[in-house]
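Chemist: can you look at this prediction? I've put the sequence above it.
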Amino acid sequence: MNSNDDIRPLGVFDSGVGGLSVLRAMRQQLPNESVYYFGDQGHVPYGLRPLDEVREFSKAITRFLLGLGAKLIVVACNTASAAALRSLRQAFPDFSFVGMEPAVKPAAENTLTGVVGVLATPATFQGALYASVVERFAGNVTLIQNPCPGLVQQIERGELDSSKTRAILESALLPMLDLGIDTIVLGCTHYPFVIPLIQEIVGPDVCVIDPAPAVARQVSRLLDSKGRRAEPPISGTLRFFTSGNATRFEAMLPKLLHETGEVREVVWDDNKKIHIK
């Protein structure tokens, strides 16, 4: 039997549509869970912003989602995870958070050439979380890093295979291929949406690691450990909130998530509080 706590929604947030790659994996593993998704498109991309600012955004979004009854928060954004995950756990000690960690460990374990490419935003590369992961797991491999300037914005526009998107990726990936990479770590939740184009550029012999399934498994483990998993006959529903344009966000859902749902616009006030329009 499902308790009242079981039927509360999961909260998921990102700077924009990138976290939909994580939500897509969560829907496959947790189809009975309802989810409230917040895309902060009014401030996208986070990767170019100061970490302190991202922390403030993350705390405000967390308060908003908790105010809607979220039972667990997924920080489906590598930049926000790097900037804010520790402070979120300190500020909200009674709630569970799942964040993004660059998949350097599995890449280091599976590479045969010892050379791994990492695609992530500047803020992720600058964060203590990335530095910690590199220090713990990448001692015996060479990491080739690239921030892919402009790629998040291309994906936000829905340009997953345009000539400009290809040019951004080729600029990052072709020099990595020359240096012998056989594995690519995607350190931004937007980037899984261009895996087909990445694979086309690097070829079938290069492994591209999508972190989303591992995050979904961690959410599942946490729910089970706390006895909060929603079970049949509950059918999970989706609600979306954006600080950008609701019509444009809704138009992206079938393309990126292969599902749709109610989309509401929100506004930030001068005190960094969020209100539904």
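Modeler: Done, it's in. Only a predicted model underlies this, so the values are computations on that prediction, with no experimental measurement involved.
Chemist: quick check: which ranges of the stretch 51-200 of the chain have low pLDDT?
Modeler: Of all residues in the stretch 51-200 of the chain, none has pLDDT under 70.
Chemist: that one: strands as residue ranges?
Modeler: Under the criterion DSSP state E, counting those that start in this stretch, strands of the stretch 51-200 of the chain are mapped to 72-75, 97-98, 115-120, 142-146, 183-187.
Chemist: TSV please, covering those and showing mean neighbour count.
Modeler: The C-beta positions use only the backbone N, C-alpha and C, and glycine is treated the same way. Shown next, in TSV, are the strands of the stretch 51-200 of the chain (neighbours: other CB atoms under 10 Å):
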stretch	mean neighbour count
strand 72-75	26
strand 97-98	22
strand 115-120	24
strand 142-146	17
strand 183-187	27
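Chemist: out of the ones you listed, the one nearest residue 37 is which?
Modeler: strand 72-75 (9.2 Å; CB to CB).
Chemist: switch the strands of the stretch 51-200 of the chain over to a markdown table; also include distance to residue 56.
Modeler: Output for those, formatted as a markdown table (distance: least, CB to CB, whole Å):
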| stretch | distance to residue 56 |
| --- | --- |
| strand 72-75 | 14 |
| strand 97-98 | 16 |
| strand 115-120 | 21 |
| strand 142-146 | 27 |
| strand 183-187 | 22 |
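Chemist: closest one to residue 229 among those?
Modeler: Once these are compared by CB to CB, strand 72-75 is nearest, at 10.5 Å.
Chemist: parallel or antiparallel, list what pairs with that closest one.
Modeler: strand 10-14 (parallel), strand 97-98 (parallel) (DSSP bridges).
Chemist: centre of the chain versus the longest one, how much separation?
Modeler: Translated: strand 10-14. Here strand 10-14 shows a centroid-to-chain-centroid distance of 9 Å under the convention CA atoms, centre = their mean, to the nearest Å.
Chemist: what of the last one?
Modeler: Between the mean C-alpha point of strand 97-98 and the mean C-alpha point of its chain there is a distance of 12 Å (CA atoms, centre = their mean).
Chemist: what's the closest of the strands of the stretch 51-200 of the chain to residue 9?
Modeler: strand 72-75 (9.1 Å).
Chemist: now do that closest one: everything it contacts.
Modeler: 10-13, 19, 22, 26, 58, 62, 65-66, 81, 84-85, 88, 92, 95-100, 215, 219, 222-223, 228 (CB atoms under 8 Å, 6 or more residues apart in numbering).
Chemist: now the buried members of these.
Modeler: The neighbour count (16 or more other CB atoms under 10 Å) marks 10-13, 19, 22, 26, 58, 62, 65, 81, 84-85, 88, 95-100, 215, 219, 222-223, 228 as buried among these.
Chemist: tabulate the strands paired with strand 72-75 (TSV), appending distance to residue 138.
Modeler: Below are the strands paired with strand 72-75 laid out as TSV (distance: least, CB to CB, whole Å):
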stretch	distance to residue 138
strand 10-14	25
strand 97-98	23
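Chemist: mind checking which of those is nearest residue 265?
Modeler: Taking CB to CB, strand 10-14 is the member of the strands paired with strand 72-75 nearest to residue 265, at 15.2 Å.
Chemist: helix or strand right after the closest one?
Modeler: helix 20-29 (DSSP states H and E).
Chemist: tell me what the helix or strand following that following helix is packed against?
Modeler: Going down the chain from helix 20-29, the next helix or strand is strand 35-39, by DSSP H and E. Judged by 3 or more CB pairs under 8 Å, 6 or more residues apart in numbering; DSSP states H and E, strand 35-39 is in contact with strand 10-14, helix 20-29, helix 51-67, strand 238-242.
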